[in-house]
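Colleague: Give me the fold of what follows.
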Amino acid sequence: MTVQDIRAFNRFYTNVIGALDYSRHLYAPFTLTESRVLYELAHSPRTDAADLRAELSLDAGYLSRILNRFEQDGLVERAPSERDPRRRQVTLTVRGRETAALLAERADESVGALLATVPEADRPRLAEALHTVRTILSEDSEDSEDNRRARPEDVVLREPGPGDLGWIVQRNAALYAAEYDFNADYEGLVARIVADFAEDHDPHLERVWIAELDGRAVGCVMCVRDDAPGAARLRLLLVEPDARGLRIGDQLVAAVVEFARGVGYRDLVLWTNDILGAARRIYQRHGFVLTAEKPHRSFGQDLVGQDWRLDLHEPQ
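Modeller: Now for the predicted structure:
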């Protein structure tokens, strides 16, 4: 890897995304920098000028000229900051929010058109490569973009695509081995659960959710029919360690509860182990009640299994 390798990639990528002619590319009267300022304001509604300057590494005079133009065009309002009266808080007006939303829509369409040229089978590899570049170039930096920008609202819950069910098996096996020293018996259990779903499930009554952050799968959960009449079972809740703290587990459990209640299940049940403290706290926040527990020897460990239940007919 040389300096010229990175410069060559930069030239290639800026041409691919149209960065050199951004305004024409998105049919917008804004430069790439101006559009980025609008994006930051749309996603950080209580931002002041100093924060913007630090976030985007912009010259103070250049940013001031951009904000002056935005204010003249009715896109932003400026007022003394609530945190520090010496600072100026910048907020989007209604027109500014509409403009930012239109730019985001056009950018999504542009990237979607680019992605449409990539074969489906190559997309996971592309997503992983993009994530690898970001991770390596921001490694060991507390101020990396991932650490600064990741928010619960950045997480997207979606249906599984090709390879995602295999990812559920692989990540469950790897994480539980690393964090709880589970043996291969656990991987076998997860593989059977996932295979049963893949081979025979009712899409109207059973679902899988994948939590995605920056194009990367970071969590999952399943809702399947239980043997008990009128009951659904929550299974295989998982959140990647580097994505914890964004309430992804809460989002996944909430999705299961909403789905199960919406399709008419009376009860939602689950089985877990007492060592999974973070998961149990999520279940409790969503109204699950512990109904039974029993010691057992599984996955190479002495554990205490727990049954939890949520009455879906109880008022919210």
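Colleague: residue boundaries of the helices in the stretch 101-250 of the chain?
Modeller: Along the stretch 101-250 of the chain, counting by DSSP state H, counting those that start in this stretch, helices occupy 123-137, 145-149, 164-180, 184-199, 248-262.
Colleague: What are the buried residues along the longest one?
Modeller: With burial defined by 16 or more other Cβ atoms under 10 Å, the residues of helix 164-180 counted as buried are 164-165, 167-169, 171-173, 176-177. Every residue, glycine included, has its C-beta placed from N, CA and C.
Colleague: circling back: including mean pLDDT and distance to Arg88, could the helices of the stretch 101-250 of the chain go into CSV?
Modeller: Output for the helices of the stretch 101-250 of the chain, formatted as CSV (pLDDT from 0 to 100; distance: least, Cβ to Cβ, whole Å):
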stretch, mean pLDDT, distance to Arg88
helix 123-137, 78, 31
helix 145-149, 46, 21
helix 164-180, 94, 45
helix 184-199, 96, 53
helix 248-262, 95, 34
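Colleague: Show me the one of the ones you listed that comes nearest Ala101.
Modeller: helix 145-149 (18.6 Å; Cβ to Cβ).
Colleague: Beta-bridge partners for Pro80, please?
Modeller: Arg88 (DSSP bridges).
Colleague: ok, it touching Arg88?
Modeller: Yes - with contact defined as Cβ atoms under 8 Å, Pro80 counts as touching Arg88 (6.8 Å).
Colleague: Would you mind telling me which of the two has more residues around it?
Modeller: In this view Pro80 and Arg88 are compared by other Cβ atoms under 10 Å, and Arg88 has more residues nearby, 15 against 12.
Colleague: Please give me every residue in contact with the nearest residue to Leu238 once chain neighbours are set aside.
Modeller: Nearest residue to Leu238 in three dimensions, chain neighbours excluded: Cys220, at 5.3 Å (Cβ to Cβ, 6 or more residues apart in numbering). If you count contacts by Cβ atoms under 8 Å, 6 or more residues apart in numbering, Cys220 has them with 160, 164, 167-168, 171, 208-211, 236-238, 252.
Colleague: swap the cut-off to 10 Å and go again
Modeller: 157, 160, 164-165, 167-168, 171-172, 194, 208-211, 235-240, 248, 252 (Cβ atoms under 10 Å, 6 or more residues apart in numbering).
Colleague: Compare the helices of the stretch 101-250 of the chain and give me the one nearest Glu105.
Modeller: Among the helices of the stretch 101-250 of the chain, helix 145-149 sits nearest to Glu105 (Cβ to Cβ), with 20.1 Å.
Colleague: returning to that earlier point: which one of the helices of the stretch 101-250 of the chain is the most hemmed in?
Modeller: Counting by mean count of other Cβ atoms under 10 Å, helix 248-262 has the highest mean neighbour count of those, with a mean of 19.
Colleague: How far off centre is that one?
Modeller: 15 Å (Cα atoms, centre = their mean, to the nearest Å).
Colleague: Who are the packing partners of it?
Modeller: strand 156-158, strand 207-213, strand 216-225, strand 231-239, strand 267-273, helix 277-285, strand 301-311 (3 or more Cβ pairs under 10 Å, 6 or more residues apart in numbering; DSSP states H and E).
Colleague: Which among the ones you listed is found nearest to Val16?
Modeller: Closest among those, using Cβ to Cβ: strand 216-225, at 20.4 Å.
Colleague: and the closest one, which residues are buried?
Modeller: 216-224.
Colleague: Note down every partner strand of that strand and its orientation.
Modeller: When DSSP bridges is applied, strand 216-225 pairs with strand 207-213 (antiparallel), strand 231-239 (antiparallel).
Colleague: one step back: with mean pLDDT as extra columns, can I get the helices and strands packed on helix 248-262 in TSV?
Modeller: Shown next, in TSV, are these (pLDDT from 0 to 100):
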stretch	mean pLDDT
strand 156-158	91
strand 207-213	94
strand 216-225	95
strand 231-239	96
strand 267-273	96
helix 277-285	92
strand 301-311	95
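Colleague: ok, Glu240 - contacts?
Modeller: 171, 175, 211, 213, 216-220, 248.
Colleague: hmm, which two among the residues you listed are most spread apart?
Modeller: Farthest pair in the contacts of Glu240, by Cβ to Cβ: Leu175 and Leu213, 16.1 Å.
Colleague: you'd agree Thr47 is up against Leu38?
Modeller: No - at 11.5 Å, Thr47 does not count as touching Leu38 under the criterion of Cβ atoms under 10 Å.
Colleague: shared neighbours of these two, which are they?
Modeller: Leu92.
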